[in-house]
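A.B. asks: Give me coordinates for this.
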Amino acid sequence: MTAPTAYYEYARLPLLDLLPAAPRRFLDVGCGNGATAAAAKERWPGLFAIGVEIVPEAAQRAAERIDRVVVGSAESIDFVAEGVTGVDAVLLADVLEHLVDPWQFLKRLRSALSDDAVVVASIPNVANLWLLEELAAGRFDYAAEGLLDATHLRFFTRATIGRMFEDAGFTIERWERTTDGRVDDLTRHRVLGIMLPVPRAGRVVGRRVEIRDVDPEGYEDLRTIQFAVVARPRPAA
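C.D. replies: Numbers count the residues shown, from 1 in each chain. All right, here's what the predicted structure looks like:
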């Protein structure tokens, strides 16, 4: 399935907001047409922006807007051989779920990073209650984009995201959520005109799915369609 043109042009400004300091050397993996990296250059004058993009047409457009573009799959690039080193900020905007081996990619990414580098990644949440309801109904219908994007190869929960970064030598310093209004529609119930709290008595009740022993943070995870993490590489042993 071919991604729509707008898929490559969308600037992910909220993810740039998660960078804790102005970067000097910025790497946008899966940079598309370069919209986000170009926005980073506008935000931080003097920034050197590098993109990695597998789609040649998108990479050509990005090369007109940012300092350097490496054309090819992120999984096959040798960062050191390409001279992509000393990077202090990396953006992985909806990238890891598209890779065959995102675990190994994160380990290889470390060779491109400075000691004080920060990685910002956004990753869909497969433990979203809307999707659990779809599965309970026997549906797992791929789409052109979103949680069930047809080009997704890997699926993650909060726990498996954390373990992936941990095993690759990173420490996650911050979590953010993008919540899904469809989950609110599934879980809100009125009795005698009174909206019941969610979770109620530790239970979250949808239309087909009931989940027990849910605390308030667990419910927020069920509402989450996408996590964003801010991570740093741990010092080498």
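A.B. asks: any weak-confidence spans in this structure?
C.D. replies: Applying pLDDT under 70 to the chain flags the ranges 1-8, 237.
A.B. asks: can you give me the strands in it?
C.D. replies: Along the chain, the segments classed as strands by DSSP state E run 25-29, 48-53, 68-71, 87-93, 113-124, 170-179, 190-191, 194-195, 204-205, 210-211, 224-233.
A.B. asks: Save those strands as TSV, and put in mean neighbour count and distance to L18 too.
C.D. replies: Every residue, glycine included, has its C-beta placed from N, CA and C. Converted to TSV, the strands of the chain look like this (neighbours: other CB atoms under 10 Å; distance: least, CB to CB, whole Å):
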stretch	mean neighbour count	distance to L18
strand 25-29	25	13
strand 48-53	24	17
strand 68-71	19	23
strand 87-93	24	9
strand 113-124	21	5
strand 170-179	15	7
strand 190-191	8	37
strand 194-195	8	33
strand 204-205	19	28
strand 210-211	14	29
strand 224-233	20	5
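A.B. asks: Next, format these as CSV and append distance to D78.
C.D. replies: What follows is those, written out as CSV (distance: least, CB to CB, whole Å):
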stretch, distance to D78
strand 25-29, 14
strand 48-53, 12
strand 68-71, 10
strand 87-93, 14
strand 113-124, 15
strand 170-179, 20
strand 190-191, 58
strand 194-195, 56
strand 204-205, 46
strand 210-211, 44
strand 224-233, 18
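A.B. asks: what residues are up against the closest residue to L131 other than its chain neighbours?
C.D. replies: Nearest residue to L131 in three dimensions, chain neighbours excluded: L147, at 6.1 Å (CB to CB, 6 or more residues apart in numbering). Residues near L147 by CB atoms under 8 Å, 6 or more residues apart in numbering: P124, N125, V126, N128, W130, L131, I225, Q226.
A.B. asks: for L147, phi and psi?
C.D. replies: With angles defined as degrees, to the nearest 10, L147 sits at phi -60, psi -40.
A.B. asks: can you map out the helices along this structure?
C.D. replies: For the chain, the helices defined by DSSP state H cover 5-9, 13-16, 35-43, 56-63, 102-109, 129-136, 158-167, 181-187, 216-223.
A.B. asks: Would you format those helices as JSON lines with distance to E82 and mean neighbour count included?
C.D. replies: Output for the helices of the chain, formatted as JSON lines (distance: least, CB to CB, whole Å; neighbours: other CB atoms under 10 Å):
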{"stretch": "helix 5-9", "distance to E82": "21", "mean neighbour count": "15"}
{"stretch": "helix 13-16", "distance to E82": "23", "mean neighbour count": "17"}
{"stretch": "helix 35-43", "distance to E82": "16", "mean neighbour count": "19"}
{"stretch": "helix 56-63", "distance to E82": "14", "mean neighbour count": "18"}
{"stretch": "helix 102-109", "distance to E82": "12", "mean neighbour count": "19"}
{"stretch": "helix 129-136", "distance to E82": "37", "mean neighbour count": "18"}
{"stretch": "helix 158-167", "distance to E82": "23", "mean neighbour count": "16"}
{"stretch": "helix 181-187", "distance to E82": "41", "mean neighbour count": "17"}
{"stretch": "helix 216-223", "distance to E82": "37", "mean neighbour count": "17"}
